[in-house]
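In: What follows is a protein structure lacking sequence information:
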């Protein structure tokens, strides 16, 4: 492989599945602790990140790396790997099945490849080369109304009931993972996802999938597109981030927070 050729989608998916199997060995048998920002971390988070770093550095040796659990490598090339070893650590600690493994690859500040693997659900979302996939099936470009076969719903972060005045007429669900929430939008079953003040590792992997199906990230208060560049050093997004479709977000944003 040439030094900066992207791995194939199947190879990235395989790495994510192996990482998920590693995390499953700890699932429901792990103690947690609090990081400086008061979020939870476990030995599984650190072990999975170390595995992902080793696996991906061998394939993209010149790429920079940013991981939630402290991995930072300056790269010599234009690619950057962004990792969330377990997105939804609080769900993982609680024994809930909605946590996931996230591998994102950026070219500059644009997501060009990503995998979000949900081990307990047996779901894998991926994108490479502008095409998105879910469990081996091509995801179509988003059109029409989400959840047309069932009740319309949105997904939101766990403190949405404290932070927003939601007027959405459908159902609101909170599953504990920003990446999985955005994946449900990309799959066309959730109309929108309110993600909170995310970090780059929360959105880089699923960003490639969402972009491939015609979705986007915007800020809740302004509707402005989210620029990944200011988040490159690991800082939080300055406002609440929403995942959705550009054509329906103008209608939905006022329903997500009456104060926005």
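Out: The structure has been received and is ready for your questions. Given the structure is predicted, the values throughout are model-derived calculations rather than measurements. Residues are numbered from 1 along each chain as shown.
In: contacts, neighbours, all on C-alpha from now
Out: Will do.
In: Report all helices and strands that the helix or strand harbouring residue 216 contacts.
Out: Here residue 216 is covered by strand 215-219, with elements defined by DSSP states H and E. Taking 3 or more CA pairs under 8 Å, 6 or more residues apart in numbering; DSSP states H and E as the contact definition, the neighbouring helices and strands of strand 215-219 are helix 200-212, strand 241-245.
In: Of those, which stretch is the most buried?
Out: helix 200-212 (a mean of 29; mean count of other CA atoms under 10 Å).
In: now for that helix, which elements pack on it?
Out: Applying 3+ CA pairs under 8 Å, 6+ apart, one finds that helix 200-212 contacts strand 79-87, strand 100-107, strand 110-118, strand 123-128, strand 131-134, helix 178-186, strand 215-219.
In: Adding distance to residue 198 as columns, could you present the ones you listed in CSV?
Out: Listed next are the helices and strands packed on helix 200-212 as CSV, based on distance: least, CA to CA, whole Å:
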stretch, distance to residue 198
strand 79-87, 11
strand 100-107, 14
strand 110-118, 16
strand 123-128, 19
strand 131-134, 22
helix 178-186, 8
strand 215-219, 11
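In: can you list the ones you listed in JSON lines and add mean neighbour count?
Out: Shown next, in JSON lines, are the helices and strands packed on helix 200-212 (neighbours: other CA atoms under 10 Å):
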{"stretch": "strand 79-87", "mean neighbour count": "28"}
{"stretch": "strand 100-107", "mean neighbour count": "27"}
{"stretch": "strand 110-118", "mean neighbour count": "28"}
{"stretch": "strand 123-128", "mean neighbour count": "25"}
{"stretch": "strand 131-134", "mean neighbour count": "22"}
{"stretch": "helix 178-186", "mean neighbour count": "27"}
{"stretch": "strand 215-219", "mean neighbour count": "24"}
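In: Export these to a markdown table and append columns for distance to residue 67 and mean pLDDT.
Out: Compiled in a markdown table, the helices and strands packed on helix 200-212 are given as follows (distance: least, CA to CA, whole Å; pLDDT from 0 to 100):
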| stretch | distance to residue 67 | mean pLDDT |
| --- | --- | --- |
| strand 79-87 | 5 | 97 |
| strand 100-107 | 10 | 98 |
| strand 110-118 | 14 | 97 |
| strand 123-128 | 19 | 98 |
| strand 131-134 | 23 | 98 |
| helix 178-186 | 15 | 98 |
| strand 215-219 | 21 | 97 |
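In: Quick one: closest of these to residue 157.
Out: helix 178-186 (7.3 Å; CA to CA).
In: The very next helix or strand once past that closest one pairs with which strands?
Out: Sequence-wise, the next helix or strand downstream of helix 178-186 (DSSP H and E) is strand 193-196. Sheet neighbours of strand 193-196, with direction, are listed as strand 153-156 (parallel), strand 241-245 (antiparallel) (DSSP bridges).
In: Turn those strands into a markdown table, columns for distance to residue 50 and mean pLDDT.
Out: Below are the strands paired with strand 193-196 laid out as a markdown table (distance: least, CA to CA, whole Å; pLDDT from 0 to 100):
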| stretch | distance to residue 50 | mean pLDDT |
| --- | --- | --- |
| strand 153-156 | 30 | 97 |
| strand 241-245 | 28 | 97 |
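In: To residue 166, which of the ones you listed lies closest?
Out: Comparison of the strands paired with strand 193-196 against residue 166 by CA to CA identifies strand 153-156 as nearest, at 10.2 Å.
In: roughly how far is that closest one from the heart of the chain?
Out: How far strand 153-156 lies from its chain's middle: 15 Å, per CA atoms, centre = their mean, to the nearest Å.
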